[in-house]
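*Asks:* structure of the sequence below:
(one chain, ligands or ions: 1)
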Amino acid sequence: MARPIQIVPSVLPADFSKLGEEVAALEAAGVDLIQWDVMDGQFVPNLTFGPDVIKSARQHCTVPFEAHMMVYTPDVMAKDYIDAGCSRLIVHAEACTHLHRTLGNINELGGNAAVALNPATPASAIEHVLDLVDLVLVMTVNPGFGGQAYISTMEPKIAEVRKMLDESGRGDEIELEVDGGIGPNTIAGAAAAGANVLIAGSALYRDPEGLEHAVSDLRARAHAAIA
Ligand code: DX5
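*Replies:* All right, here's what the predicted structure looks like:
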């Protein structure tokens, strides 16, 4: 059974000189939670938010934070990002030599463990860890930067993961998230394929009618796609 639609911003396009105000504005715009794209400059060719940056923003809003850990060493970093206020950590299957252990460690630290798949990684990579996660992220771009084009050939993979989740017996507990190129012209395809948590960065910040309109418009389009 599909989970409720959630519209979740990536903070990547925000004004980093005033992140407290930016997360407060996102909450006011009606987002369900906020995603921090954590990048180490190794797993992806970009370097972004340390735990202290996230900790400083935590006090400026009340919606949950999740960290999309585009890093090679999530085991080393997990506790600091949980302590900074991220309730969910999404690690990449491709970055984890011992993915089952990494996910278990995150849960033991009090976080909610989740796993991401890059576009070339098959859904089968996560079939033996579904008991450890509350979310699976199917990337619809190659990670590292915002503003990239949506990879529509990921839609069959989204549907395959949705089927896996439902057949696991935890389909009503595990979120299916997509990230990358989600906007007014692409969100319907992702939602119809089975995604219920939709990450948007550029599409939110480039809406001429503002964040609140962007969030409500994307939410309406996702609901229309699954009606
Ligand atoms: C890629 C990032 C982006 C970002 C959203 O590593 O994870 O996908 O969150 O980018 P947009 O919504 O601008 O494509």
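*Asks:* where along this structure do the helices fall?
*Replies:* Ranges of helices in the chain, per DSSP state H, are 19-28, 51-58, 74-83, 99-108, 155-167, 187-193, 202-205, 211-226.
*Asks:* and residue 2, what pLDDT?
*Replies:* pLDDT recorded at residue 2 is 64.
*Asks:* returning to what we had before: export the helices of the chain to a markdown table and tack on distance to residue 149?
*Replies:* Heads up, the C-betas are built off the backbone N, CA and C, glycines and all. Below are the helices of the chain laid out as a markdown table (distance: least, C-beta to C-beta, whole Å):
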| stretch | distance to residue 149 |
| --- | --- |
| helix 19-28 | 24 |
| helix 51-58 | 28 |
| helix 74-83 | 27 |
| helix 99-108 | 28 |
| helix 155-167 | 14 |
| helix 187-193 | 13 |
| helix 202-205 | 11 |
| helix 211-226 | 17 |
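*Asks:* the ligand: which of the ones you listed is closest?
*Replies:* Distance to the ligand, taken as C-beta to the nearest ligand atom, is lowest for helix 202-205 among the helices of the chain, at 3.2 Å.
*Asks:* so what's the gap between the closest one and the chain middle?
*Replies:* Offset of helix 202-205 from its chain centre (C-alpha atoms, centre = their mean, to the nearest Å): 15 Å.
*Asks:* that one and the ligand in contact?
*Replies:* Yes: applying C-beta under 6 Å from any ligand atom, one finds helix 202-205 in contact with the ligand at 202-203.
*Asks:* and that helix, what's buried?
*Replies:* Across helix 202-205, burial judged by 16 or more other C-beta atoms under 10 Å covers 202-205.
*Asks:* give me the residues contacting stretch 203-213.
*Replies:* Under the contact criterion C-beta atoms under 8 Å, 6 or more residues apart in numbering, stretch 203-213 has outside partners 9, 13-14, 25-26, 28-30, 182-184, 214-215, 217-218.
*Asks:* if you average pLDDT over that stretch, what comes out?
*Replies:* pLDDT averaged over stretch 203-213 gives 97.
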